[in-house]
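[1] Quick one, fold the following:
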Amino acid sequence: MTTDTAVAPDPELISKWETIVSQDETIDTGDVSKTIMHRRPFETFRRQTMIGNLPRIDSDRELSEFKITDTLGQGGMGLVRLARQTSLWRDVAIKTIIDEQVDAESTHDLLRESWITGMLEHPNIVPIHALGVDENDAPMLVMKRVEGISWQQALSGQKEIPEPFQGGRDRLENHIQILIQVCNAVQFAHSKGIIHCDLKPENIMLGEFGEVYLLDWGIAVSIEDDESGRLPLASDVTELCGTPAFVPPELAAGEGQLIDERTDVYLLGALLHKIVTGEPRHLGLTVMATLVNAFQSQPVDYDDSVPDELGAICNRATHADINERYPDVEAFRRALLDFLQHRDSQRLSDEARARLETLRDRVEDDDPASGADDLGADDTTAEIYRLFAECRFGFEQALTIWEKNKEAVQGLRQALALMIDFELRHRDAKAAALLIDELPERRPEFEARLAVLREELAEEAKEMQRHKQISEDVDITLASRQRSIMCVFLGFLFGGTPFINHWLIEQGWATLTFQDYFTQFAAISIGAIIVVTLMRKRLFQNAINTRIIISIFIILGGCLIMRVLGFFLGLDPAGCIALENGLLSFGLAMMAASVDHRLWPASLAFLAGAIGGSIYPESILHFDGASNAAALWIIAWVWREPND
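    Okay, the predicted model is just below:
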């Protein structure tokens, strides 16, 4: 359907149309596909340059160059016959005027068509082999024989489009590629100053080997005057000419001064309209009604079957105002090529859109809160990332082909937004931030959610660090081997010193007095300090190790206090040693209960020394040394490897 309102043709113009239609016997009042020839002023042609200088072509004599074999077609005035060119052994087509129609005007028309076609040597224009006259001095045009079907037959479905034209993705692309070849022929004609003025499917032939030929230059005009009088000039057009179903407004109105390249651009747009709708650009029950529609040329409101971009190309090319059309054929052809390219972009965008919808469903069904307990959560997440990668790649490829593809731009934006929401709900701030940076515009709501998430994650990180520090502080496994080595050395020191003291007493070099008792304690304490100092970097790695070392020295301090009290109370040194072992046993028992339960055997070793020394005071130093060494070496054995 058409849109908007348009100015109706004035009564004078309608009167001219009625006169032309009524006087042209070849026009059926209901057939809008017939070409209406414009009547050129006879005086503009130089008759002396027409017939007299043309060579004679014989086609009937036995020894003639051309042998007529068949009739290929016949129109209102012209007759096209198949002939055999004997010298070159090839078939050609010869166009002549029907005997009953031979007159000065028909002769001029055929000559002009011959001269125009002859000057247009192009792969999409039928080559002219010769121009001459027959024995009756009527013009004969010898041209290449074109075999194939008319584009009209292919478009209407009367005949199947030749196979070489079926290489496109679908019917639409196949026919647009044909139209592009027609554009090449028209553009070449324009380079020679020739305007075709009658582009329609019936005037285009499709060969079985992929040839496209633009035919029938019968009403073509020149926009450049070579002053030879051979070529009809656009400025000579003062009345209706063209095919009513396709004719542009300036040809319908006979405004020759407006005819230029954009006149053929209109006709190319009308051909495109025929491709996308299957109907001529102008419809009407009669020729007169069709001409009114052609004069108004209202824009068409295409249905959803016609891509918006292609509909816009049609309407611009067939705009009633010649200044609103594409400036030349190249611009129109480029628009078609861009559409085909954009169509590939649109196809990729549509495929990506389908994946986007699936992605949207998966993201909406996703519940981060239940993901940890869902055995299929990992598979769902993997599918979401796969779908996002696929649709994102599709949209980006579509934009690579056509950066102004609005659907691809919108789809990519929606895909990014979906994944940003997904990452935020799954508390992945880094991934969300990267995706937010890719958005073409700022999204304050996402930035606000990201800021809140980062604060929450920062607080959680601090809490985790605090828990980690606490865990490390109470980790008994840290420096376990170093503590084991320390206890080995202390076992030799604490266990060996009482035995050395006993040997000195036996030799008479010492006595079991508090003075020797304090000397022994000093030696043990100094040795312990040296061992701990040498291993301090390892032994003070965390709080629990620090507490263990401090506890050891506190116990030693307790032993010192006990010895001092025993001295002032006048207690027997042997009794103090036994009590000291008891103190060590209970101190170690406290550590076993609060720090490492594996220390219980070592506590019992000290207790055994205390009990043995109490029962056998004379052997107190033996019991003291043995219990010290046993307890410390038991601890060294327990701490040799971390307790998992």
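[2] all strands for the chain, in order.
    With DSSP state E as the criterion, the chain has strands at 66-74, 78-85, 90-97, 128-133, 139-144, 149-150, 194-195, 204-206, 212-214, 221-222.
[3] in the stretch 1-150 of the chain, which ranges drop under the pLDDT threshold?
    Residues of the stretch 1-150 of the chain meeting the criterion pLDDT under 70: 1-6, 24-30, 39-52, 58-63, 76.
[4] let me fix that: the chain
    Using pLDDT under 70, the flagged stretches of the chain are 1-6, 24-30, 39-52, 58-63, 76, 370-377, 643-644.
[5] Give me the domain ranges for this protein.
    11-327, 363-472, 475-638 (automatic domain parsing).
[6] Adding mean neighbour count and distance to Arg343, write the ones you listed out as CSV.
    For every residue, glycine as well, the C-beta is placed using N, CA and C. Shown next, in CSV, are those (neighbours: other Cβ atoms under 10 Å; distance: least, Cβ to Cβ, whole Å):
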stretch, mean neighbour count, distance to Arg343
domain 11-327, 18, 7
domain 363-472, 15, 9
domain 475-638, 17, 66
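[7] For Ala602, which of the strands of the chain is the nearest?
    strand 212-214 (103.7 Å; Cβ to Cβ).
[8] so what secondary structure elements neighbour that closest one?
    Under the contact criterion of 3 or more Cβ pairs under 8 Å, 6 or more residues apart in numbering; DSSP states H and E, strand 212-214 touches helix 171-191, strand 204-206.
[9] Now do it: everything it contacts.
    124-126, 146, 148, 178, 181-182, 185-186, 196, 199, 203-207 (Cβ atoms under 8 Å, 6 or more residues apart in numbering).
[10] buried stuff in the top helix by length along the chain?
    Identified as the longest helix of the chain according to DSSP state H is helix 329-365. Within helix 329-365, the residues that count as buried by 16 or more other Cβ atoms under 10 Å are 329, 332-333, 335-336, 339-340, 342-343, 345-346, 348-349, 351-353, 355-356, 359, 362-363.
[11] possible to save the helices and strands packed on strand 212-214 as CSV with distance to Phe395?
    Shown next, in CSV, are the helices and strands packed on strand 212-214 (distance: least, Cβ to Cβ, whole Å):
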stretch, distance to Phe395
helix 171-191, 22
strand 204-206, 38
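[12] Which one of the ones you listed lies nearest to Ile116?
    That would be, of the helices and strands packed on strand 212-214 and by Cβ to Cβ, helix 171-191, which comes in at 8.3 Å.
[13] Please name the residues that touch the closest residue to Glu208 other than its chain neighbours.
    Leaving out its chain neighbours, the residue that sits closest to Glu208 by Cβ to Cβ, 6 or more residues apart in numbering is Pro162, at 4.9 Å. Pro162 makes contacts with 148-149, 154, 206-210, as judged by Cβ under 8 Å, 6+ apart.
[14] ok, now Gly207?
    For Gly207, the contacting residues are 146-148, 162, 213, by Cβ under 8 Å, 6+ apart.
[15] cool, and Pro601?
    634, 638.
[16] what does Asn405 give?
    Listed by Cβ under 8 Å, 6+ apart, the contact set of Asn405 reads 342, 345-346, 349, 398-399.
[17] One more: Cys487?
    632-633, 635-636, 639.
[18] how close does it get to Ser525?
    Cys487 is 16 Å from Ser525, where distance means Cβ to Cβ, to the nearest Å.
[19] ditto for Glu506
    The gap separating Glu506 from Ser525 is 25 Å, by Cβ to Cβ.
[20] could I have stretch 246-260 exported to PDB, CA atoms only?
    Taking C-alpha atoms only, stretch 246-260 is exported to PDB below (Å, rounded to 0.1, in the frame of the first residue of the first chain):
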ATOM      1  CA  PHE A 246       7.100   1.500 -14.200                       C
ATOM      2  CA  VAL A 247       7.300   5.000 -15.600                       C
ATOM      3  CA  PRO A 248       8.800   7.800 -13.400                       C
ATOM      4  CA  PRO A 249       6.800  11.000 -12.900                       C
ATOM      5  CA  GLU A 250       9.000  13.100 -15.300                       C
ATOM      6  CA  LEU A 251       8.500  10.700 -18.200                       C
ATOM      7  CA  ALA A 252       4.800  10.500 -17.400                       C
ATOM      8  CA  ALA A 253       4.500  14.300 -17.500                       C
ATOM      9  CA  GLY A 254       6.700  14.600 -20.600                       C
ATOM     10  CA  GLU A 255       9.200  16.900 -18.800                       C
ATOM     11  CA  GLY A 256      12.300  16.200 -20.900                       C
ATOM     12  CA  GLN A 257      14.300  18.900 -19.200                       C
ATOM     13  CA  LEU A 258      14.200  16.800 -16.000                       C
ATOM     14  CA  ILE A 259      15.500  13.600 -17.600                       C
ATOM     15  CA  ASP A 260      18.900  12.500 -16.300                       C
END
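[21] who touches it?
    9, 13, 16-17, 38, 195, 197-200, 221, 223, 233-242, 244, 263, 266-267, 270-271, 274, 280-282, 291, 294-297, 318, 320, 322.
[22] Kindly recompute the last result at 7 Å.
    Outside of stretch 246-260, the residues within contact range by Cβ atoms under 7 Å, 6 or more residues apart in numbering are 13, 195, 197, 199-200, 221, 223, 234-242, 263, 266-267, 270, 280-282, 291, 294-295, 297, 320, 322.
[23] residues near Arg640, how many?
    If you count neighbours by other Cβ atoms under 10 Å, Arg640 ends up with 14.
[24] Gln482 versus that one, what's the distance?
    According to Cβ to Cβ, Arg640 and Gln482 sit 11 Å apart.
[25] do Asn124 as well
    93 Å.
[26] before we move on, the earlier item: out of the contacts of Cys487, name the ones that lie in helices.
    Counting by DSSP H, the contacts of Cys487 place 632-633, 635-636 in helices.
[27] What residues does the closest residue to Pro232 other than its chain neighbours make contact with?
    Spatial nearest neighbour of Pro232, chain neighbours left out: Val221 (4.9 Å); criterion: Cβ to Cβ, 6+ apart. Neighbouring residues of Val221 by Cβ under 7 Å, 6+ apart: 195, 197, 232-234, 237, 259.
[28] ditto for Asp516
    With contacts defined as Cβ under 7 Å, 6+ apart, the neighbours of Asp516 are 501, 510.
[29] Please shift the residue numbers so they start at 14 in all later answers.
    In the new count, where the first residue is 14, that last one comes out as Asp529.
[30] got the contact list for Tyr339?
    Tyr339 makes contact with 278, 329-330, 345, 348 under the criterion Cβ under 7 Å, 6+ apart.
[31] Give me the distance between the residue of the chain most remote from its centre and Ala535.
    Most distant from the centre of the chain: Gly521, at 99.0 Å, with distances by Cα atoms, centre = their mean. Distance of Gly521 to Ala535, given as Cβ to Cβ: 22 Å.
[32] likewise Val195?
    From Val195 across to Ala535, the span is 116 Å (Cβ to Cβ).
[33] and what of Lys419?
    91 Å.
[34] residues touching Gly540, list them.
    Residues near Gly540 by Cβ under 7 Å, 6+ apart: Leu506.
[35] Next: Thr109.
    Contacts for Thr109 (Cβ under 7 Å, 6+ apart) come out as 92, 147, 151, 153.
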